[in-house]
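Q: Fold the following.
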Amino acid sequence: MSNDRLPRPAPISLAEYRQRRDRLMTALPADSAVLVSSASLVTRSRDSDYPFRQNSDFHYLTGFPEPEALLVLLPGREGGETVLFCQDRDPAQEAWTGRRYGADGALASFGIDEAFENAERDTRLPELLDGRHTIYLPLDDSQTRAWVDLCRTRLLAAQRRGAIAPDGYHDVCGLIHEQRMIKSEAELALMRHAAAVSARAHCRAMRTARPGLHEYHLQAELEHEFLWQGASGPAYDTIVGSGANACVLHYIENADCLGEGDLILIDAGAEFDLYAGDITRTFPAGGHFSDAQRTLYDVVLHAQQRAVDAVRPDVTLADIHAGVVRDLTAGLIELGLLSGDLQTCIDDESYRRFYLHSTSHWLGLDVHDVGRYRIAGESRRLAPGMVLTVEPGLYVPDAEDIPEPYRGIGIRIEDDVAVTADGREVLTDGVPKRTAEIEALMNDG
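A: You can find the predicted model right below:
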């Protein structure tokens, strides 16, 4: 098996991070301020922490990789000013946990206008917010809200000396999330790389799979490839479901033995520079689909290919999902898993016994990325720069009223698709999905 490394794309430039902050500040009143906190370390057990992963909104605006930081944006001062509070330099602690940037490092490396270490935050933050009437922050962030409340209390107490306290709070998340919906070319390059790494990992798992191994062996192959290619690891909990486990949508135990006649459903993606890949493939443990497996698989594949082909500007996710429902329902009727008129089965939602979820979600810094799906009550229309998944599936229960060959089969096929000016770009076409191609890959050599 080849251990070659994919070339790494360029990171997001400091100029792009500044453009993002400037775009946000331009949309806000000149007498407002924005506060966004970094993620914090989370205890795993006793004195060990989970691996740190930066807050996506904070990363989007700064690229700053450390915990316990606070971003303050001040619109109106010559186009706006960026201030960062960050961890204090502490040589004794850094000997254990690694070097910190500190205020000087933040200024030198991240294009920040001003930076202070956290020891100065309680003094300087009220000064920065003095005269700012409206504060924009994530309203569900209790820590950031507590800092603003403290500043407001101090400014109210200083009103006799001319201080002006904020008089309103608004949620900033919607504004940031609308920006994040449209990916820049630099972001798309990172997402192409995350997708390519994810595709290699899926191919590796297909080549490795054989009856007698366990689901966790394939998880190990996937995640080894992620790390070998320089990804930080999985973008979400890796799903390796064999046999009836494939019918559990978020199955993550990954503990069972692979059986000779099993299909294996793998839903896994790499995270690279915080951008997510997200691929699902379904393939036979023994390298060959049975007739029933192939027939059901081709129903899903037909729906998935038509849905991918439907991605283009001005189409809605509701349109794409409706097409998938129609294709899957028609296939279920043809196989005898549903009976009756096609439109009746769609209207009464009898298909939902076999297809439980939506066809798509946004993709980006979060695997289920931010951004509204509906605007003014209507499904939003796709636009160039949006990235989405296309992932129809069928999950057949192991029930007595189901024909024996189809019982307990779960199939999902998922690709990551970027909307372009004239159509689409499939980011994840590096891993096969036609049955003949899958069998050829699994049995090569």
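Q: With just CA atoms, put the helix or strand harbouring residue 174 into PDB.
A: Residue 174 belongs to helix 173-181 when elements are defined using DSSP states H and E. Only the C-alpha atoms of helix 173-181 are listed here, as PDB (Å, rounded to 0.1, in the frame of the first residue of the first chain):
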ATOM      1  CA  CYS A 173     -23.700  34.300  15.300                       C
ATOM      2  CA  GLY A 174     -26.100  34.800  12.400                       C
ATOM      3  CA  LEU A 175     -23.900  37.400  10.800                       C
ATOM      4  CA  ILE A 176     -20.800  35.300  11.100                       C
ATOM      5  CA  HIS A 177     -22.600  32.200   9.900                       C
ATOM      6  CA  GLU A 178     -23.900  33.900   6.800                       C
ATOM      7  CA  GLN A 179     -20.300  34.800   5.900                       C
ATOM      8  CA  ARG A 180     -19.200  31.300   6.500                       C
ATOM      9  CA  MET A 181     -21.800  29.900   4.100                       C
END
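Q: other SSEs contacting it?
A: In this structure, helix 173-181 packs against helix 14-26, helix 56-62, with contacts taken as 3 or more CB pairs under 8 Å, 6 or more residues apart in numbering; DSSP states H and E. (Glycine included, C-beta is placed from N, CA and C.)
Q: helices and strands around the longest one, which ones?
A: For helix 14-26, the helices and strands in contact under the criterion 3+ CB pairs under 8 Å, 6+ apart are helix 56-62, strand 70-74, helix 173-181.
Q: okay, now the closest residue to residue 173 other than its chain neighbours: neighbour count?
A: Leaving aside its sequence neighbours, residue 173 sits nearest to residue 138 (CB to CB, 6 or more residues apart in numbering; 5.2 Å). By other CB atoms under 10 Å, 19 other residues sit near residue 138.
Q: and residue 138, what does it touch?
A: Listed by CB atoms under 8 Å, 6 or more residues apart in numbering, the contact set of residue 138 reads 36, 37, 57, 144, 171, 172, 173.
Q: Quick check, pLDDT for the fifth one.
A: Reported pLDDT at residue 171 in the predicted model: 98.
Q: wait, what's in contact with it?
A: By CB under 8 Å, 6+ apart, the contact set of residue 171 is 136, 137, 138, 139.
Q: at 10 Å what do you get?
A: 136, 137, 138, 139, 140, 141 (CB atoms under 10 Å, 6 or more residues apart in numbering).
Q: Equivalent analysis for the first one, please.
A: Contact partners of residue 36, counting by CB under 10 Å, 6+ apart, are 24, 55, 57-62, 69-73, 136-138, 141, 144, 172-173, 176.
Q: try 6 Å
A: When contacts are counted by CB atoms under 6 Å, 6 or more residues apart in numbering, residue 36 touches 57, 58, 71.
Q: for residue 274, same thing?
A: 59, 365.
Q: domain ranges for this protein?
A: Following automatic domain parsing, the chain resolves into domains at 14-179, 182-443.
Q: Go through those domains and name the closest to residue 8.
A: Nearest to residue 8, of all the domains of the chain, is domain 182-443, at 6.1 Å by CB to CB.
Q: what residue ranges in the stretch 301-445 of the chain score low on pLDDT?
A: Low-confidence regions of the stretch 301-445 of the chain, defined here as pLDDT under 70, cover residues 445.
Q: Which residue ranges of it form strands?
A: Ranges of strands within the stretch 301-445 of the chain are 374-375, 378-379, 387-390, 393-395, 410-412, 415-420, 423-426, based on DSSP state E, counting those that start in this stretch.
Q: Of those, which is nearest residue 84?
A: Checking those against residue 84 by CB to CB gives strand 387-390 as the closest, at 28.4 Å.
Q: what does that closest one rub up against?
A: Strand 387-390 is contacted by residues 183, 278, 307-308, 360-363, 414-418 when judged by CB under 6 Å, 6+ apart.
Q: Output the residues you listed as CSV; include the columns neighbour count and distance to residue 8.
A: Shown next, in CSV, are those (neighbours: other CB atoms under 10 Å; distance: CB to CB, whole Å):
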residue, neighbour count, distance to residue 8
183, 22, 18
278, 28, 20
307, 25, 31
308, 16, 27
360, 23, 28
361, 18, 27
362, 20, 25
363, 27, 20
414, 23, 25
415, 26, 23
416, 26, 19
417, 28, 23
418, 22, 19
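Q: Reformat the residues you listed as TSV; add distance to residue 196.
A: Putting the contacts of strand 387-390 into TSV (distance: CB to CB, whole Å) gives the following:
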residue	distance to residue 196
183	16
278	13
307	22
308	17
360	21
361	20
362	20
363	15
414	16
415	13
416	11
417	15
418	13
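Q: Farthest pair within those residues?
A: Greatest spacing in the contacts of strand 387-390, by CB to CB: 183 and 307 (20.3 Å).
Q: just to revisit the earlier point, I'd like the contacts of residue 36 laid out as CSV, including distance to residue 223, pLDDT and neighbour count.
A: As requested, those are arranged in CSV below (distance: CB to CB, whole Å; pLDDT from 0 to 100; neighbours: other CB atoms under 10 Å):
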residue, distance to residue 223, pLDDT, neighbour count
57, 27, 98, 24
58, 26, 98, 21
71, 32, 98, 23
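Q: which residues in this structure form helices?
A: Along the chain, counting by DSSP state H, helices occupy 14-26, 56-62, 91-97, 102-109, 121-129, 142-157, 173-181, 185-208, 215-228, 291-310, 317-334, 342-347, 435-443.
Q: Out of those helices, which is closest to residue 78?
A: helix 14-26 (10.9 Å).
Q: Next, the angle from that closest one to helix 185-208.
A: Interaxial angle of helix 14-26 relative to helix 185-208 (axes from the mean of the first three to the mean of the last three CA atoms, to 10 degrees): 120 degrees.
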